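Asks: Provide a 3D model corresponding to the input given below.
(chains A and B)
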Number of protein chains: 2
Amino acid sequence: MAEQVFSYQQLYSFVVAIFNKIGCSEQDAVTAAKVLLSADIRGVDSHGIARLSGYVRLWEVQRVNAQPQIKIIHETPSTAVIDGDSGLGLVVAPYAMQVAIEKAKAVGTGWVSVQNSNHFGIAAAHAMMALEHDMIGMAMTNASPLVAPTFSTAKMLGTNPICVAAPAGQQPAFVADLATTTAANGKLEILQRKNQAAPAGWIQDAEGNTSHDPHELKKGGALLPLGGDREHGSHKGYALGAIVDIFSALLSGANYAPWVPPFPAYVPMPAQQPGKGIGHFLGAMRIDAFRPAADFKQSMDHWIEGFRNAATITGEEKVLVPGDPEREFEAERTANGIPLLPAVVDDLKGLGEKLGVEIPWTQ
Amino acid sequence: MAEQVFSYQQLYSFVVAIFNKIGCSEQDAVTAAKVLLSADIRGVDSHGIARLSGYVRLWEVQRVNAQPQIKIIHETPSTAVIDGDSGLGLVVAPYAMQVAIEKAKAVGTGWVSVQNSNHFGIAAAHAMMALEHDMIGMAMTNASPLVAPTFSTAKMLGTNPICVAAPAGQQPAFVADLATTTAANGKLEILQRKNQAAPAGWIQDAEGNTSHDPHELKKGGALLPLGGDREHGSHKGYALGAIVDIFSALLSGANYAPWVPPFPAYVPMPAQQPGKGIGHFLGAMRIDAFRPAADFKQSMDHWIEGFRNAATITGEEKVLVPGDPEREFEAERTANGIPLLPAVVDDLKGLGEKLGVEIPWTQ
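Replies: Alright, predicted model coming up:
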């Protein structure tokens, strides 16, 4: 069965309706839908509408509060800690990023650590909010423990992504959004669906041996930190994932390390709960708190052009700048629509029927 | 010829005397010596006294100003840009970090981007300044272009390290200090001296093929970003190195990308100079701008103990926490002295004779 293609608007209306049905306000439903679908439009299929049922299941087991009272529980001129009140991360993180932006307007930079939240979609959706304000945006989150630190068999960290978005002038913005593992879990899911072997350095089995089985995580295996093994720098990927955990959860009072609540609603919660929900970290730096924005953007254009024009290895088409692949997806999918796998379409169909939402492919 | 072992105090007196001889003030000589030797004491032999001659050669060709007028050229309550006046990075970076700390005291966080500086030693020396203030410290720097971005044969970035230091309670501090390459250049230098092959994923030859030759960089080859190749996430290491470059140089007005002045004084300066000197980025976040420091430290202890006690892969002794290996070196070398390779001892001997400084091994 082939992929079906939907317009952004079709999917957007559906997602807003679903979030309305579980009790989100209109404004929250719109925010959540935009964040969720920014993944699909940018080609990050693992983090978009394919996860909509997962968010709803978290609401069903009362781990997501559809009407959260998000609030600042501590602040200074350049910082804040926000309690997400178990809301959707898709709603809590944009709120927190807006606080970071307001603080940056006032004192140059703003840094917000968030407790008591849930999965926030793609980090880029939040970091990129800074761009229109001529700010550099940053977003991080901890996540379900799937990653073994170097030398360990235990799943102690999430894929803990880091995103940095920086504005340019004539060139499109620099947007680096990376899981601190060799491969994001979504990449592994693609191999699972195709039943293809994973490259060495992506995963290990329950004993810590290299594995090529994309289903290894269900058998006690783990994702590997960026670098793969010690000889190739896995201790650095592990350290980066740890930094994300510290900024997102230790600074906010969220759960951390193996105690982060798992995304799949059917996975039991860890027995111990040292904090509240999952944690995020959002940052905004006003460019002109350092240097006139026009000068910075001119330098960014020069920087980006330098990389685009760098000599390529024979057989490679071009050197990419972080953000290029996602932007190409966005242009293509805005023009031609978003393809969804049959399994995703079926899942959404079931979800629509369950909640009484008209589904786009019947219209 | 075997290694010779020196006490920290012997090397410290020698290094202070050398920096005095090139015209540094007593205070700057002391600061520079402490930063430089913090590498040796922590086991990062590539970044310590072995580079002293290199710094002096930069002074000889007038790329290092021994009496810089370091100044803040722009600031907001939480940010500053500092002009290092071509001073030693060993002096400029601690100055900048102190500014970041003062701003964090005032408004919660402080972020300082530095232009017109030189090599700053190990990033950890600066980031760790924050610890005694119950702050998280961050330090980054750009560096001589040695690293090819994914798909390229061109050396466009330095090894661009990132350090984050976070205080704990009963446990020692978390200190992650990592080059954004698979292996730091210092690791390659060790293989060069031993004439041993480099593992795959560390370097490529001039055409972009995998190479095991540790001397490849002199033949047009390049270091590889953390990840090694596209399949193993080298685009992430490249993105991280790019972020360091943007924060350190694009925000400050320093040179960036392939235009960063090379550390070896004999390597010609790039024809184009889009900025001034090399760039650093220093940050400090007051813990209690987010959460009571005692609560954070208790959580850090719990976090650290969780990792220390995590199940190990058979054959591995223990799971390390970032900062552990360097701390073990520090304890051992504080007790037993710092071993130097014969080539380094000879080099220092020549340097001492040239500048008329009594050398420790004759005392």
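
Asks: Show me where chain A has its strands.
Replies: Using DSSP state E, the strands of chain A run over A:4-6, A:71-76, A:79-83, A:109-117, A:135-141, A:162-166, A:174-178, A:203-204, A:210-211, A:222-223, A:278-286, A:338-340.

Asks: closest to A:Val92 out of those strands?
Replies: A:Val92 lies closest to strand A:109-117 among the strands of chain A, at 4.4 Å (C-beta to C-beta). Where you see a C-beta, it was placed from the backbone N, CA and C, and this is true even at glycine.

Asks: near chain B, anything from the closest one?
Replies: Yes. Contact of strand A:109-117 with chain B (C-beta under 8 Å from any C-beta of the partner chain) involves A:Thr109, A:Trp111, A:Ser113.

Asks: Run through the residues that contact the second one.
Replies: For A:Trp111, the contacting residues are A:Ser78, A:Thr79, A:Ala80, A:Ala100, A:Lys103, A:Phe281, A:Leu282, A:Gly283, B:Gly108, B:Thr109, B:Met285, taking C-beta atoms under 8 Å, 6 or more residues apart in numbering or on different chains as the criterion.

Asks: please redo it, this time with the cut-off set to 7 Å
Replies: A:Ser78, A:Thr79, A:Ala100, A:Gly283, B:Thr109, B:Met285 (C-beta atoms under 7 Å, 6 or more residues apart in numbering or on different chains).

Asks: Check it and give its pLDDT.
Replies: pLDDT for A:Trp111: 99.

Asks: ok, now the one 5 residues further on?
Replies: Looking at A:Asn116, its pLDDT is 98.

Asks: ditto for A:Val267
Replies: Note on A:Val267: pLDDT of 84.

Asks: Just give me the neighbour total for it.
Replies: 10 (other C-beta atoms under 10 Å in any protein chain shown).

Asks: and the gap between it and B:Asp295?
Replies: Using C-beta to C-beta, to the nearest Å, A:Val267 is found at 28 Å from B:Asp295.

Asks: distance of whichever residue of the stretch 151-300 of chain A sits closest to chain B from A:Thr150?
Replies: Using C-beta to the nearest C-beta, the closest approach of the stretch 151-300 of chain A to chain B is made by A:Gly208 at 3.2 Å. The gap separating A:Gly208 from A:Thr150 is 10 Å, by C-beta to C-beta.

Asks: Check A:Lys71 too.
Replies: 38 Å.

Asks: Name the residue in those two with the higher neighbour count.
Replies: More crowded of A:Lys71 and A:Thr150, by other C-beta under 10 Å: A:Thr150, with 21 against 12.

Asks: Can you check what pLDDT the model gives the more buried one?
Replies: Listed pLDDT for A:Thr150 reads 97.

Asks: Tell me if I'm right that it and A:Glu231 touch.
Replies: No. The criterion here is C-beta atoms under 7 Å, and A:Thr150 misses it with A:Glu231 at 10.4 Å.

Asks: got a list of what A:Ser248 touches?
Replies: Going by C-beta under 7 Å, 6+ apart, A:Ser248 touches A:Ser113, A:Met140, A:Thr141, A:Asn142, A:Ala254, A:Gly279, A:His280, A:Phe281.

Asks: In contact with the closest residue to it other than its chain neighbours, which residues are there?
Replies: Counting by C-beta to C-beta, 6 or more residues apart in numbering or on different chains, A:Gly279 is the residue found nearest to A:Ser248 once chain neighbours are left out, at 3.6 Å. Going by C-beta under 7 Å, 6+ apart, A:Gly279 touches A:Ser113, A:Val114, A:Gln115, A:Ser117, A:Thr141, A:Asn142, A:Ser248, A:Ala249, A:Ser252, A:Ala254.

Asks: ok, of those, which come out buried?
Replies: A:Ser113, A:Val114, A:Gln115, A:Ser117, A:Thr141, A:Asn142, A:Ser248, A:Ala249, A:Ser252, A:Ala254 (16 or more other C-beta atoms under 10 Å in any protein chain shown).

Asks: quick revisit: and the contacts of A:Gly279, which two are the farthest apart?
Replies: A:Gln115 and A:Thr141 (11.8 Å).

Asks: Spatially central residue for chain A, please.
Replies: Nearest to the geometric centre of chain A sits A:Ile122, at 2.6 Å (C-alpha atoms, centre = their mean).

Asks: my guess is that residue contacts A:Ser46, does it?
Replies: No. Counting by C-beta under 7 Å, A:Ser46 is not a contact partner of A:Ile122; they are 9.3 Å apart.
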